[in-house]
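Participant: okay, here's the prediction I keep looking at, along with the sequence it came from:
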There are 2 protein chains.
Amino acid sequence: MGQYRITSDRSLVDSIDLRKTYLFSQLNDEQIDRIKKVSTGIHMEDGDVLFEVGNKAARFFLVLEGQIKLSRLSLNGNEKVIEVVSPGHTFAEALMFLEQPSYPVRCVALGKTALIAFDNEVFLKLLHESTETCFRVMGDMSLRLRHLIKEIDDLTLQSATGRVAGYLCGMLLFKGQERFNLETPKGVLASRLSVKPETFSRILHGFIDEGLVSVKGGHIEVLNADGLRKHAESAGICGQRLGPGNQMNVQFGN
Amino acid sequence: MGQYRITSDRSLVDSIDLRKTYLFSQLNDEQIDRIKKVSTGIHMEDGDVLFEVGNKAARFFLVLEGQIKLSRLSLNGNEKVIEVVSPGHTFAEALMFLEQPSYPVRCVALGKTALIAFDNEVFLKLLHESTETCFRVMGDMSLRLRHLIKEIDDLTLQSATGRVAGYLCGMLLFKGQERFNLETPKGVLASRLSVKPETFSRILHGFIDEGLVSVKGGHIEVLNADGLRKHAESAGICGQRLGPGNQMNVQFGN
DNA sequence: ATGCAGAATTGATATTTATCAATTCCTATC
DNA sequence: GATAGGAATTGATAAATATCAATTCTGCAT
């Protein structure tokens, strides 16, 4: 568990078609080449730390494989997972507009993970040439803002039980079926939902007792969606789409 | 208390120099004219509601005078103040990149308030012509993202006491002097800090008992800044500046 | 000045969630 | 298949904050 297992791999960059990624979809061949030239492929193992809170932020990233955990730490050692980033999604690109960008979160690999690191400076130059790409970035950030507001909403207007129920309802909607697997260990998920693991366990078992779900390890089956929804009384503003010509393309599955 | 007191006023638009506002600072005369032509000045009285959660968002706003409260509501009638916007600052501009933008918050005037409403469509066209202005928008959104992450941090890794202490430390830093007034009624501030008014009162009196502050109505005097800081053990990532050429211009005082 | 209404405070109590400690359950590795 | 070690669960208890109810304060309008 440490940085030493992190390896770079140029072939990752060569093999990928960046045009398939929302942020790069409007760039021409020459521009894609330019950004690729200064990009690095990265392999990480479970628990590897890519950067810590406060590290200078000169690059942003695209997840190809595995998952990335972004979290904040308190002085007394508590950790709050801000986001779990899945393949096909970029992160840390919003930082390049700050004067002396530094990462506001710690970045850790969940499982074996592959990603590409892009150079902020080069991408900023590209942005100056491509209004369309600016719009991609703005759309991207707009969605992210929405999610964070929703998160604050959940934290302040919703109980821990409500957040867990809300998460399960979200998964149900997202996966489109009653049976699914949690995409992360329960401890990570608990932190993502701002609940202690013990409390998370108790809440889940409360749902089981009510006959709302059945749980076997990380495998969930929702038995009574309406019952769950009653616990998750949220306004539910999330899931909004981007404006005309700005549709998000999610690829790589997931 | 209602929309009927909201009045529009073209002269507000004519009188203002938009170039002084961060977001518009890179536009040329013709562009400024174009946006002004479809803008409206608005006067509001205390408690007036400009829009509700879910309203179609076709405009964004600049506060000229007074204050704007942006809040979310839960089904059981609880309110969480997401932000209090002061003169010189814009709000709701991040929404125009969404497909069918709707306001994720309710907007209420705090006291007598004047603002300008800008048309999303026209501004979007302007953005297509001005990469510089795109950069303004991106810088703007980047800062906003930071603030929201800080907010989530405070909510999850900090106690209510810590948040109140943190707020007071922030004010101390911002105002640059030990004596200052709370810029909003205590109830609004409490909601902003996600604390019930009763709890807020008790926490504040706890600080008084410790000899950290003295309070007279909305007037605060910090007697022991270090003592306060000890209560507010935060990482403190906020207050980051924008990148080169992207400095935020705060004007209109405040 | 006087009185009124909303805001703020205070007290008593209830709830929620965290904390601490002890098991039990997986799963990866030998 | 055995087994070690982290993850998850369970139980008992504590702490923080919310809730409910009753005053008191304050600023504004008469």
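Facilitator: Now that the structure is in, tell me what you want to look at.

Participant: wait, a strand at A:H43?
Facilitator: Yes - assessed with DSSP: H, G, I helix; E, B strand; the rest coil, A:H43 lies in a strand.

Participant: report how many residues lie close to it.
Facilitator: A:H43 is flanked by 19 other residues according to other Cβ atoms under 10 Å in any protein chain shown. The way it works is simple: take the backbone N, C-alpha and C, and place the C-beta from them, glycine included.

Participant: where's it relative to A:E65, distance?
Facilitator: 9 Å (Cβ to Cβ, to the nearest Å).

Participant: from memory A:R59 sits against A:F91, does it?
Facilitator: No - with contact defined as Cβ atoms under 8 Å, A:R59 does not reach A:F91; the gap is 10.7 Å.

Participant: ok, back up a step: anything in contact with each of A:H43 and A:E65?
Facilitator: A:112-114 (Cβ atoms under 8 Å, 6 or more residues apart in numbering or on different chains).

Participant: now list the buried members of those.
Facilitator: A:113-114 (16 or more other Cβ atoms under 10 Å in any protein chain shown).

Participant: give me the helices and strands touching the helix ranked longest in chain A, please.
Facilitator: Assignment by DSSP state H gives helix A:131-157 as the longest helix of chain A. Helix A:131-157 sits against helix A:120-129, helix A:160-175, strand B:59-73, strand B:79-85, helix B:120-129, helix B:131-157, with contacts defined as 3 or more Cβ pairs under 8 Å, 6 or more residues apart in numbering or on different chains; DSSP states H and E.

Participant: re the thing from before, neighbour-wise, which of A:R59 and A:F91 wins?
Facilitator: Applying other Cβ under 10 Å to A:R59 and A:F91 shows that A:R59 carries more neighbours, namely 24 against 20.

Participant: find the nearest non-adjacent residue to that one, please.
Facilitator: Distances taken as Cβ to Cβ, 6 or more residues apart in numbering or on different chains place A:A117 nearest to A:R59, at 4.4 Å, with adjacent residues excluded.

Participant: what does A:S74 give?
Facilitator: B:L157 (3.8 Å).

Participant: what's near enough to touch that neighbour?
Facilitator: A:72-74, A:78, A:80, B:234.

Participant: contacts with DNA strand C among the residues you listed, please.
Facilitator: A:N78 (Cβ under 7 Å from any atom of the strand).

Participant: ranking the contacts of B:L157 by neighbours, who comes first?
Facilitator: Neighbour-wise, the contacts of B:L157 (other Cβ under 10 Å) top out at A:R72, 22 neighbours.

Participant: got a pLDDT number for it?
Facilitator: With respect to pLDDT, A:R72 scores 94.

Participant: partners of it in the sheet?
Facilitator: A:K80 (DSSP bridges).

Participant: was I right about it contacting A:Y103?
Facilitator: No - under the criterion of Cβ under 8 Å, A:R72 makes no contact with A:Y103, lying 10.5 Å away.

Participant: so where do the helices sit in the stretch 151-254 of chain A?
Facilitator: A:160-175, A:186-192, A:197-209, A:225-231 (DSSP state H, counting those that start in this stretch).

Participant: take the ones you listed and lay them out in a markdown table including distance to B:R34 and mean neighbour count.
Facilitator: Shown next, in a markdown table, are the helices of the stretch 151-254 of chain A (distance: least, Cβ to Cβ, whole Å; neighbours: other Cβ atoms under 10 Å in any protein chain shown):
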| stretch | distance to B:R34 | mean neighbour count |
| --- | --- | --- |
| helix A:160-175 | 42 | 19 |
| helix A:186-192 | 45 | 19 |
| helix A:197-209 | 53 | 15 |
| helix A:225-231 | 46 | 16 |
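
Participant: now those helices in a markdown table, with distance to B:L228?
Facilitator: Output for the helices of the stretch 151-254 of chain A, formatted as a markdown table (distance: least, Cβ to Cβ, whole Å):
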| stretch | distance to B:L228 |
| --- | --- |
| helix A:160-175 | 29 |
| helix A:186-192 | 28 |
| helix A:197-209 | 30 |
| helix A:225-231 | 38 |
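
Participant: same list (those helices) but as JSON lines, adding mean pLDDT and distance to B:F174.
Facilitator: Shown next, in JSON lines, are the helices of the stretch 151-254 of chain A (pLDDT from 0 to 100; distance: least, Cβ to Cβ, whole Å):
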{"stretch": "helix A:160-175", "mean pLDDT": "95", "distance to B:F174": "32"}
{"stretch": "helix A:186-192", "mean pLDDT": "97", "distance to B:F174": "31"}
{"stretch": "helix A:197-209", "mean pLDDT": "96", "distance to B:F174": "36"}
{"stretch": "helix A:225-231", "mean pLDDT": "92", "distance to B:F174": "40"}
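
Participant: make TSV from those helices and add distance to DNA strand D to it.
Facilitator: Formatted as TSV, the helices of the stretch 151-254 of chain A follow (distance: least, Cβ to the nearest atom of the strand, whole Å):
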stretch	distance to DNA strand D
helix A:160-175	11
helix A:186-192	3
helix A:197-209	3
helix A:225-231	16
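
Participant: nearest to B:S86, of those helices?
Facilitator: Minimum separation from B:S86 across these (Cβ to Cβ) falls at helix A:160-175, 31.3 Å.

Participant: and the contacts of stretch A:194-203?
Facilitator: Contacts of stretch A:194-203 (Cβ under 8 Å, 6+ apart): A:80, A:155, A:160-161, A:163-164, A:186-187, A:189-190, A:193, B:155-156.

Participant: from these, pick the one nearest DNA strand C.
Facilitator: The nearest member of the contacts of stretch A:194-203 to DNA strand C, counting by Cβ to the nearest atom of the strand, is A:A160 at 3.5 Å.

Participant: nearest residue to the closest one other than its sequence neighbours?
Facilitator: Nearest to A:A160 is A:V195, by Cβ to Cβ, 6+ apart, at 4.7 Å.

Participant: try A:E93
Facilitator: A:F60 (3.9 Å).

Participant: look up how far A:S86 lies from the residue nearest to A:A160.
Facilitator: 21 Å.

Participant: neighbour count: these two, which is higher?
Facilitator: A:V195 (21 against 17).

Participant: the nearest residue to A:E45 once chain neighbours are set aside: what's it in contact with?
Facilitator: The spatial neighbour of A:E45 that comes closest, neighbours along the chain excluded (Cβ to Cβ, 6+ apart), is A:R5 at 4.5 Å. By Cβ under 8 Å, 6+ apart, the contact list for A:R5 reads A:44-45, A:48.

Participant: among those, who's most crowded?
Facilitator: A:M44 (24 neighbours).

Participant: let me know the closest of the shared contacts of A:H43 and A:E65 to A:L228.
Facilitator: Looking across those and measuring by Cβ to Cβ, the closest to A:L228 is A:T113, at 31.0 Å.

Participant: residues contacting the closest one?
Facilitator: Applying Cβ under 8 Å, 6+ apart, the residues near A:T113 are A:43-45, A:48, A:63, A:65-68.

Participant: assumed it was part of a strand.
Facilitator: Yes - per three-state DSSP, A:T113 lies within a strand segment.

Participant: which strand residues bridge it?
Facilitator: What pairs with A:T113, by the bridge criterion (DSSP bridges), is A:M44.

Participant: roughly how far does it sit from A:L223?
Facilitator: 33 Å.

Participant: nearest residue to the residue nearest to the spatial centre of chain A other than its sequence neighbours?
Facilitator: Central residue of chain A (Cα atoms, centre = their mean): A:V85, 2.5 Å from the mean position. Leaving aside its sequence neighbours, A:V85 sits nearest to A:I68 (Cβ to Cβ, 6+ apart; 4.2 Å).

Participant: all good on my end, thank you.
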